[in-house]
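>>> what shape does this take:
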Amino acid sequence: MLLLPCCESGAESSSDLEATRTSDDTSQGRRESLRPTITRQRKFRLQKERERVLSLALEESHNVSNEFWSSVREHPPAHWPKVVAVVTYYALGCAFFCLHERFSVLETCYWLTVTVTTVGYGDVAPTSDAGRVVGIIFIFVGLVVIFPIMCATGIQLIESFFPKHRVVDSVGLLLLPLAVVFLFFWVQEVRYGQWSHVDAVWWSVSTVTTVGFGDLEFSNAVRCQIFLTAFIPASVVAVSAAITNLASARETLRARKKEAALLKRFDSGLLNALDDNQDGNVDKTEYALGMLRAMALVDPKRLERYYDNFAELQQKQQRQKPLIVADDDDDDDVP
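Reported below is the predicted structural model:
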């Protein structure tokens, strides 16, 4: 009699276990069936996220390009004369040096480029007296007119892509032209045993820094001249902008340290130096102007000139006031 409940309890336990196993198998099967769906959804979300990031990057690049070209279209008087000047410079150079020096068009453009950028390798140069006289004229015109145009255009492009002028961007601008020139001459000269790796680095640095020793020879002059004619202006402008930005960052850091030291300093000597009218009090204007002078942000001579100009305007106004009052009184006396 006592075994029946135990058997019934065991049967019930077995049925519960079977039900649990069946439920677990069903849940596992459901999870297995849902796993491909979840994986597809996850891949779909990742794909959408990649497409969104790529779309934002392309949109940002497109906006930067549109800003530059819209500025070119909106200000044609400021841009097109510069373009005409550069094209005319190269066209006149080709017309003269191709006839009198027997240069090819490529050699002329190459010589004009290394001339205006002050690289000047010396591998191509005029040899006749007339060619050298005209070359002197082209040198001065290139340095005074053409190269500033190239620099202004290049800096405008750089500022459109790197508006914050961070140190990281400046270092990138400095290293990128070096890397491009090195890679070109590594492919062109080092691989064929003409130059060593040190020669390629030497030529790259002397090119982008406009030193241009010209102590090495090209194995394929035409190909190298094409590359250098197109790349030297961009590399020189980029490196110049990078060096300028790095120098500016250094000066900014130095100015901030000086400003922090001045702001912490508060003694009688500083207050006496800031008291312009020597009345024993320093107001807000005197303090601000004194700090600007101490930071070398204001030219004291120019400030004195403005003070004198203001005093003259004050005197003129005081001389004109009685006349205005007299005129008003006369008008009032008129019946």
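
>>> the nearest residue to Ile243 once chain neighbours are set aside: helix or strand, and which one exactly?
Of all residues not flanking Ile243 in the chain, Leu174 sits nearest, at 7.0 Å (Cβ to Cβ, 6 or more residues apart in numbering). The way it works is simple: take the backbone N, C-alpha and C, and place the C-beta from them, glycine included. Element membership for Leu174 (DSSP states H and E) is helix 167-185.

>>> lowest-pLDDT helix or strand in this structure?
Using mean pLDDT, DSSP states H and E, the weakest-scoring helix or strand in the chain turns out to be helix 3-74, at a mean of 58.

>>> quick one, what contacts the residue nearest to Ile243?
Ala238, Val239, Ala242, Ile243, Leu246 (Cβ atoms under 8 Å, 6 or more residues apart in numbering).

>>> related to what we said a few turns ago, quick check: next helix or strand after the least confident helix or strand of the chain?
Counting by DSSP H and E, the next helix or strand C-terminal to helix 3-74 is helix 76-100.

>>> other residues contacting that next one?
72, 103-105, 107-109, 111-112, 116, 126, 128, 130-131, 134, 138, 141-142, 145-146, 149-150, 152-153.

>>> weed out the non-buried ones from those.
By neighbour count, with 16 or more other Cβ atoms under 10 Å, the contacts of helix 76-100 hold 103, 107-109, 111-112, 116, 126, 131, 134, 138, 141-142, 146, 149-150, 153 as buried.

>>> next, the buried residues of stretch 233-253.
Neighbour-count burial for stretch 233-253 [16+ other Cβ under 10 Å]: Pro233, Ala234, Ser235, Val236, Val237, Ala238, Val239, Ser240, Ala241, Ala242, Asn245, Leu246.

>>> show me the two of those that sit farthest apart.
Pro233 and Leu246 (20.7 Å; Cβ to Cβ).

>>> just the angle between the helix or strand hosting Arg254 and helix 76-100, please?
Assessed by DSSP H and E, Arg254 sits inside helix 221-264. Relative orientation of helix 221-264 and helix 76-100, computed by axes from the mean of the first three to the mean of the last three Cα atoms, to 10 degrees: 140 degrees.

>>> output the contacting helices and strands for helix 221-264.
On a contact count with 3 or more Cβ pairs under 8 Å, 6 or more residues apart in numbering; DSSP states H and E, helix 221-264 meets helix 105-116, helix 147-161, helix 167-185, helix 197-208.

>>> who are the contact partners of Leu173?
Ile158, Phe162, Ala238, Val239, Ala241, Ala242, Asn245.

>>> do you know how far the nearest residue to the third one once chain neighbours are set aside is from Leu253?
Read it as Ala238. Leaving aside its sequence neighbours, Ala238 sits nearest to Leu173 (Cβ to Cβ, 6+ apart; 4.8 Å). Distance from Leu173 to Leu253, counting by Cβ to Cβ, to the nearest Å: 19 Å.

>>> do the same with Leu178
For Leu178 relative to Leu253 (Cβ to Cβ), the value is 25 Å.

>>> same check, this time on Ile158
Taking Cβ to Cβ, one finds Ile158 at 21 Å from Leu253.

>>> kindly report the same for Thr108.
For Thr108, the distance to Leu253 - Cβ to Cβ - is 45 Å.

>>> same check, this time on Gln315
Distance from Gln315 to Leu253, by Cβ to Cβ: 45 Å.
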